[in-house]
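Visitor: Sequence first, predicted model second:
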Amino acid sequence: MIKFDIITIFPNVIEEYINTGILRIAQKKGLAEINVHDLRKWTDDKHKTVDDTPYGGGPGMIMKVEPIYKAINELKKKDTIVAITTPKGEKFVQQKALSLSKVKNLHMIILCGRYEGFDQRIHDNLVDYEFSVGEYVLSGGELPALILVDSVIRLIPGVLGNEQSLEEESFNDNLYDFPQYTKPEVFNGWKVPDVLLSGNHKEIKKFRKNSQKMV
């Protein structure tokens, strides 16, 4: 079974998504386990503080090392991978998702960033894998964490109802998916390509292959 522990200060953002669709099905089938943790659980002060001002000055707040250290110590097992969402991280791509999905008994802790980022000591001492989902700025790490979890879990055999969907998906063999159509045959003057209505499977396969673009 693949297991994810997601640490965030906005657990409701994560919980809404993981209890819907494919991720809900994967958990119901016992193929994946996703736990969401509120970082404030590991704070000691009455205000449950998870951030503070940066040494040396500057705008914004920095996520504190102490609560994250405690959280990781409590959740981490022998072979756990600790991941962190950061714009400076390795770009997360389909091949990485595929490799993670094949790790036996994968256990990953994902730290969701907020504010101006993490205390550098977290990067230097507590993390195994830093990843980014693109060259743009987001309000927090919850979306990147969900992207990683979703993309990995859907690759687990038995999660999707139709395994052929995995074989023909975008980015397999470095190709985008081919264009798809469904009923009605004509809408607003826009017609489905004749070859897809022909029943000639050889020509349909050729059409689809020629319609794909390289990533």
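Guide: Happy to help now that I have it.

Visitor: Now do stretch 25-34, average pLDDT.
Guide: Mean pLDDT, stretch 25-34: 97.

Visitor: Endpoints of it, how far apart?
Guide: For stretch 25-34, the first-to-last residue distance is 12 Å (C-alpha to C-alpha, to the nearest Å).

Visitor: Identify the residues contacting that stretch?
Guide: For stretch 25-34, the external contacting residues (C-beta atoms under 8 Å, 6 or more residues apart in numbering) are 1-4, 6, 18, 23, 149, 153-154, 156, 158-159. To be clear about C-beta, it is placed using only N, CA and C from the backbone, and glycine gets the same treatment.

Visitor: Check stretch 195-202 too.
Guide: Taking C-beta under 8 Å, 6+ apart as the rule, stretch 195-202 contacts 181, 185, 203, 204, 207.

Visitor: where does stretch 136-143 sit relative to the chain's centre, distance-wise?
Guide: Distance of stretch 136-143 from the chain centroid (C-alpha atoms, centre = their mean, to the nearest Å) equals 12 Å.

Visitor: should've said stretch 121-132
Guide: That offset, for stretch 121-132, works out to 17 Å (C-alpha atoms, centre = their mean).

Visitor: Same question for stretch 187-205.
Guide: 35 Å.

Visitor: Go through that stretch and flag the buried ones.
Guide: 196, 204 (16 or more other C-beta atoms under 10 Å).
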